[in-house]
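Curious how this folds, go ahead:
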Amino acid sequence: MSDKISSLLSPDTPLVFTDGTRIYDKLAKTYKRHAVGYYILAPSGAGKTHFVNAQTEKHWMDGDILWAVTNAHPDEAWWRKGRARIEEMARRGDIITEEAKKLGFWIVGTDVYFLVPDAIVIPPWDIHQKQILMREHGDYDGGATSADFEQVLWHRKWIEKTCADVPKFESVAAAAAYLAAKAS
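This next block holds a predicted model:
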């Protein structure tokens with residue numbers, strides 16, 4: 001990810017709360033702000049980055065970008081460092097996502113700890129596997145690989161159980177269309 005985004009701080013820097021206006025204003029130059037913010041939760045390989053990159057107008061932001069520029073997620077493979085590290089990053093991501101939503105940003109990402117998403121995406125498993133394999137053997141940009149299928153399956157089940165009352169979709173595009181219509 002470091003070739004696309006540079007964090008403002010070293011990953012080892014102890015964090016404090018600070019005024020993020022400058023960062024959010026910079027994001028607003030690329031991503032549209034709306035009257036209400038939304039967050040779509042989907043597991044790795046569900047098509048989040050593909051959806052965000054395919055937009056003609058930048059309504060939806062990839063959570064990886066948001067979390068990197070705010071240093072909520074360090075520029076390292078933290079998802080491979082055990083459950084405690086994953087939960088720490090998810091808590092940090094929730095705080096930043098909550099703030100971004102207050103500012104009217106629409107975000108699609110993989111992390112949630114306490115934040116209730118506005119929609120979830122769980123593609124059929126056969127399609128999900130194919131998407132991960134296509135990314136892994138194509139233009140790999142990070143995230144789960146076929147070696148991580150067990151972790152992805154666990155995350156899918158966790159999302160469905162934890163977010164049982166949240167509207168569920170099979171694609172990011174369907175979830176985004178639902179929320180955009182709701183905002184109108």
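
Please name the bridge partners of the most centrally placed residue in the chain.
When C-alpha atoms, centre = their mean is applied to the chain, the residue found nearest the centroid is Gly109 (1.4 Å). Beta-bridge pairing of Gly109 under DSSP bridges involves Leu41.

gap between it and Ala90?
Separation of Gly109 from Ala90 (C-beta to C-beta, to the nearest Å): 10 Å. For the C-beta atoms, the positions are set from N, CA and C on the backbone; glycine is no exception.

Pull the distance from stretch 145-163 to the chain's centre.
15 Å (C-alpha atoms, centre = their mean, to the nearest Å).

what's the longest helix anywhere in the chain in contact with?
Longest helix in the chain, counting residues (DSSP state H): helix 83-102. Outside helix 83-102, the residues within contact range by C-beta atoms under 8 Å, 6 or more residues apart in numbering are 15, 20, 24, 27, 36-39, 61, 63, 66-67, 70, 72-73, 78-79, 107, 109, 111-115.

May I see the buried residues of stretch 160-174?
Thr162, Cys163, Val166, Phe169, Ser171, Val172 (16 or more other C-beta atoms under 10 Å).

can I assume Gly20 is in contact with Val69?
No. Gly20 is beyond contact range of Val69, at 9.6 Å (criterion: C-beta atoms under 8 Å).

Those two: which has the busier surroundings?
Higher neighbour count among Gly20 and Val69: Val69, with 19 against 16, using other C-beta atoms under 10 Å.

where's the more buried one relative to Glu87, distance?
Distance of Val69 to Glu87, given as C-beta to C-beta: 22 Å.

again with Asp19
For Asp19, the distance to Glu87 - C-beta to C-beta - is 27 Å.

Which one's more surrounded, these two?
Per other C-beta under 10 Å, whichever of Asp19 and Glu87 has more neighbours is Glu87, with 12 against 7.

Neighbours of Pro124, how many?
Neighbours of Pro124 under the rule other C-beta under 10 Å: 10.

Need the contact partners of the helix or strand Ala68 falls within.
Per DSSP states H and E, Ala68 falls inside helix 63-69. Under the contact criterion C-beta under 8 Å, 6+ apart, helix 63-69 has outside partners 1, 4-5, 7-8, 23, 26-27, 39, 48-49, 72-73, 75, 89, 92-93, 96-97, 100, 105, 107-111, 142.

hang on, isn't the residue nearest to the centre of the chain packed against Leu41?
Yes. Counting by C-beta under 8 Å, Gly109 touches Leu41, with 6.7 Å between them.

same question for stretch 92-109, mean pLDDT?
Mean pLDDT, stretch 92-109: 95.
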